[in-house]
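A.B. asks: let me see the structure of the following:
(4 chains)
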2 protein chains.
Amino acid sequence: MDSKRKLLTPEREEIILAELGEEAKTISELSLKLDVSEATVRRDLLSLEEQGKIKRVHGGAVKMKFSEHEPVFNEKESIRPEEKERIAKLALGLIEDKDTIYLDGGSTVLALAKILGAKKSLTVVTNSLMAAAELMESGHSLIIVGGKFRPLSRTLVGPLTAKIIETLHVDKAFLGTIGFTIEDGISTTDADEAFTKELILKRAGKAILLADSSKLGKKSFAVSGSLSDIDVVITDSSLSSAFARELKKKGIEVLT
Amino acid sequence: MDSKRKLLTPEREEIILAELGEEAKTISELSLKLDVSEATVRRDLLSLEEQGKIKRVHGGAVKMKFSEHEPVFNEKESIRPEEKERIAKLALGLIEDKDTIYLDGGSTVLALAKILGAKKSLTVVTNSLMAAAELMESGHSLIIVGGKFRPLSRTLVGPLTAKIIETLHVDKAFLGTIGFTIEDGISTTDADEAFTKELILKRAGKAILLADSSKLGKKSFAVSGSLSDIDVVITDSSLSSAFARELKKKGIEVLT
DNA sequence: ACCAAGCTTGCATAATATTGCATAACATGT
DNA sequence: ACATGTTATGCAATATTATGCAAGCTTGGT
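C.D. replies: Numbers count the residues shown, from 1 in each chain, chains lettered A, B, ... in the order given. Sure, this is the predicted structure:
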């Protein structure tokens, strides 16, 4: 079993994933198997956790359980699943254990909700029933913002959402959007939806926009806040460099 | 059982869940099986309870009835589906088109949510995500009360629910319960849940309790309001006539 | 009211994680 | 080939977490 040749990081990660496929493994088991120090195994596991592929626990790690629970709210097919997933993984890297975060509606943010199992002891506030369904059994503390239900996005929106949002503060807010431009910032098709987004922008320590590049430069009907409310934009690699430059000029961090 | 190495926390938890799937287990049984101290078993059980997966009882633990893997819509594990359905139909008769109603958690109220399609232009306020899922595409206007998510009942509970409930008024509130006695009225296992029930009782024109006869005379931990807050009780036919007489004496309408 | 069994809490200890740092391996440009 | 900066790895000191044990309190049954 033990090959002489030294294994590269991605090879080790592959093996780790395969091992974890069957059952949980301890650090020492993996260290022995891979013939590297436990410190290195920990670093590998850390990296895999950042990618949302595994969950570290005291003493070892387990594979992420794709909670294949019943679709309380059945899901529509998302258009670019792999890009959304990549964006979600970048967003995951911004979250620390014990954070209080806000999750907005939209399929990209939903992709983030699905991999939140990699973190511990989060307090998640959301207006998205899809995200809520995803997190029901995550073990994280879950707070749902009340309000009028908007069937199209399956989110809670409108003036009533202010009642709860205004009493809370979140460390990081992850928002989705329909359109995003330099001039107007984020915009959506529904005024109530925009209203709620604006509320949470004010209550968030850090506002993080998740938007695949198809949203950039597009403008929709109802505008929420301004560009200056956004701290970070996470998007995919087909972002034009001109757009990226503009954002950075405004002091917005860009991750791709 | 090859106890070759130390088990990781999630492994233990998984085994515990599997064991409980069959029947209730005592702490000492689990301690023996997992080869850890009883203190550790208790900590594991505590964690599982926080996740809403089990319920701890004196001497051991049992699996939660509303367990994660159970499909929401085939919630046939409800103990008496046909009686709940009959109760729901009676409740439906109290609802008029264009009413504003409140739906509480619990399987009996959920049965009512499932047949609300028979009515038109309702405004439905609820703290139950199960009911919300049911009504998502019903065409009725849907308002969800925000708050802390309680996995056990899949409802929103606690102080935050007050933020929205207190700004609303509903014509009729349909409540479920764990226990119902002449002395104390309705009672549940969770203080936050009780708190929210009490709130809605104050904001409802008419409070209607849906309770199959197994709930009557039973008393649980946390009491919500008093008997005088209830206007109507809908139950099944195996209600004792003595109990019915007591209720009528207090001015409560009884439907069976 | 009593007792035994079970629960909670605080604490000591062992196991595991994290961090900083030194070194080795690697890549890059000259 | 060499020097140089970068990354990966291992090691060790320190911090954190999990576990078991024991004292005191609570529960449930008689």
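
A.B. asks: in the host helix or strand of residue A:33, which residues are buried?
C.D. replies: Taking DSSP states H and E as the definition, residue A:33 sits inside helix A:27-34. Buried residues in helix A:27-34, counting neighbours by 16 or more other C-beta atoms under 10 Å in any protein chain shown, are found at A:27, A:30-31, A:33-34. To be clear about C-beta, it is placed using only N, CA and C from the backbone, and glycine gets the same treatment.

A.B. asks: residue of the stretch 101-250 of chain A closest to chain B, please.
C.D. replies: Residue nearest to chain B within the stretch 101-250 of chain A: residue A:146 (2.8 Å; C-beta to the nearest C-beta).

A.B. asks: for the stretch 151-256 of chain A, what spans make up the helices?
C.D. replies: A:160-165, A:191-203, A:241-249 (DSSP state H, counting those that start in this stretch).

A.B. asks: and the buried residues of helix A:27-34 near chain B, which?
C.D. replies: The subset of the buried residues of helix A:27-34 within reach of chain B, by C-beta under 8 Å from any C-beta of the partner chain, is empty.

A.B. asks: I'd like these as JSON lines, with pLDDT and distance to DNA strand D appended.
C.D. replies: Shown next, in JSON lines, are these (pLDDT from 0 to 100; distance: C-beta to the nearest atom of the strand, whole Å):
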{"residue": "A:27", "pLDDT": "94", "distance to DNA strand D": "12"}
{"residue": "A:30", "pLDDT": "93", "distance to DNA strand D": "11"}
{"residue": "A:31", "pLDDT": "93", "distance to DNA strand D": "8"}
{"residue": "A:33", "pLDDT": "91", "distance to DNA strand D": "13"}
{"residue": "A:34", "pLDDT": "91", "distance to DNA strand D": "8"}
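
A.B. asks: need the contact list for the residue positioned nearest the centre of chain A.
C.D. replies: Nearest to the geometric centre of chain A sits residue A:112, at 2.9 Å (C-alpha atoms, centre = their mean). With contacts taken as C-beta atoms under 8 Å, 6 or more residues apart in numbering or on different chains, residue A:112 has the following neighbours: A:87-88, A:91-92, A:103, A:174, A:210.

A.B. asks: equivalent analysis for residue A:154, please.
C.D. replies: Contacts for residue A:154 (C-beta under 8 Å, 6+ apart) come out as A:73, A:105, A:128-130, B:136.

A.B. asks: which residues of chain A lie near DNA strand C?
C.D. replies: By C-beta under 7 Å from any atom of the strand, the residues of chain A that approach DNA strand C are A:6, A:26-28, A:38-39, A:42, A:46, A:56-60.

A.B. asks: mind checking which of these land in strands?
C.D. replies: Using DSSP state E, the subset of these located in strands is A:26, A:56-57, A:60.

A.B. asks: sorry, back to before: buried ones among the residues of chain A next to DNA strand C?
C.D. replies: Applying 16+ other C-beta under 10 Å to the residues of chain A next to DNA strand C flags A:26-27, A:56-57, A:59-60 as buried.

A.B. asks: most widely separated two among those?
C.D. replies: Greatest spacing in those, by C-beta to C-beta: A:26 and A:56 (11.4 Å).

A.B. asks: just curious, which of the contacts of residue A:112 is nearest to residue A:167?
C.D. replies: For those, the minimum distance to residue A:167 (C-beta to C-beta) is 17.7 Å, reached by residue A:103.

A.B. asks: how much space between that closest one and residue A:111?
C.D. replies: Distance of residue A:103 to residue A:111, computed by C-beta to C-beta, to the nearest Å: 11 Å.

A.B. asks: picking that back up, most neighbours of all the contacts of residue A:154, which one?
C.D. replies: With neighbours taken as other C-beta atoms under 10 Å in any protein chain shown, the top of those is residue A:105, carrying 27 neighbours.

A.B. asks: show me the contacts for that residue.
C.D. replies: By C-beta under 8 Å, 6+ apart, the residues touching residue A:105 are A:127-128, A:130-131, A:153-155, A:176, A:193.

A.B. asks: near DNA strand D, which of these show up?
C.D. replies: When contact is defined as C-beta under 7 Å from any atom of the strand, the contacts of residue A:105 do not meet DNA strand D at all.

A.B. asks: got CSV for the residues you listed, with pLDDT and distance to residue B:18 too?
C.D. replies: Listed next are the contacts of residue A:105 as CSV, based on pLDDT from 0 to 100; distance: C-beta to C-beta, whole Å:
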residue, pLDDT, distance to residue B:18
A:127, 97, 36
A:128, 96, 32
A:130, 93, 29
A:131, 94, 29
A:153, 91, 38
A:154, 92, 34
A:155, 95, 37
A:176, 94, 38
A:193, 95, 43
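
A.B. asks: taking those one by one, which sit in strands?
C.D. replies: Among the contacts of residue A:105, the residues falling in strands (DSSP E) are residue A:155.

A.B. asks: give the closest residue to residue A:95 in space, chain neighbours not counted.
C.D. replies: Nearest non-adjacent residue to residue A:95, counting by C-beta to C-beta, 6 or more residues apart in numbering or on different chains: residue A:119, 5.6 Å away.

A.B. asks: count the neighbours of the one you found for me.
C.D. replies: For residue A:119, the count of nearby residues is 20 (other C-beta under 10 Å).

A.B. asks: low-confidence ranges, chain A, go.
C.D. replies: Residue ranges of chain A with pLDDT under 70: A:1-6, A:65-78.

A.B. asks: which residues in the stretch 1-150 of chain A form helices?
C.D. replies: For the stretch 1-150 of chain A, applying DSSP H, counting those that start in this stretch gives helices covering A:9-22, A:27-34, A:38-50, A:81-92, A:107-114, A:129-135.

A.B. asks: residue A:164 versus the residue of the stretch 101-250 of chain A closest to chain B, what's the distance?
C.D. replies: Distance check for residue A:146 against residue A:164: by C-beta to C-beta, it reads 6 Å.

A.B. asks: give me the buried positions along stretch A:145-165.
C.D. replies: Neighbour counts over stretch A:145-165 (16+ other C-beta under 10 Å) mark A:145-150, A:153-158, A:160-165 as buried.

A.B. asks: export that stretch as CSV, just CAs?
C.D. replies: Included here for stretch A:145-165 are C-alpha records, laid out as CSV according to Å, rounded to 0.1, in the frame of the first residue of the first chain:
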residue,chain,number,x,y,z
VAL,A,145,-37.4,36.8,9.4
GLY,A,146,-41.2,37.1,9.2
GLY,A,147,-43.1,38.9,6.6
LYS,A,148,-45.2,38.6,3.5
PHE,A,149,-44.4,35.5,1.5
ARG,A,150,-43.4,36.1,-2.1
PRO,A,151,-44.0,32.9,-4.0
LEU,A,152,-41.8,33.7,-7.0
SER,A,153,-38.6,33.9,-4.9
ARG,A,154,-39.9,31.9,-1.9
THR,A,155,-38.7,34.7,0.4
LEU,A,156,-40.3,36.8,3.0
VAL,A,157,-40.4,40.4,2.0
GLY,A,158,-42.0,43.8,2.7
PRO,A,159,-42.5,46.1,5.6
LEU,A,160,-43.2,43.4,8.1
THR,A,161,-39.6,42.0,7.7
ALA,A,162,-38.4,45.3,9.3
LYS,A,163,-40.0,44.3,12.6
ILE,A,164,-37.4,41.6,13.2
ILE,A,165,-34.5,42.7,11.0
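
A.B. asks: quick one on the thing from earlier: tell me which two in the residues of chain A next to DNA strand C are the farthest apart.
C.D. replies: Farthest apart among the residues of chain A next to DNA strand C - using C-beta to C-beta - are A:6 and A:58, which lie 28.7 Å from each other.
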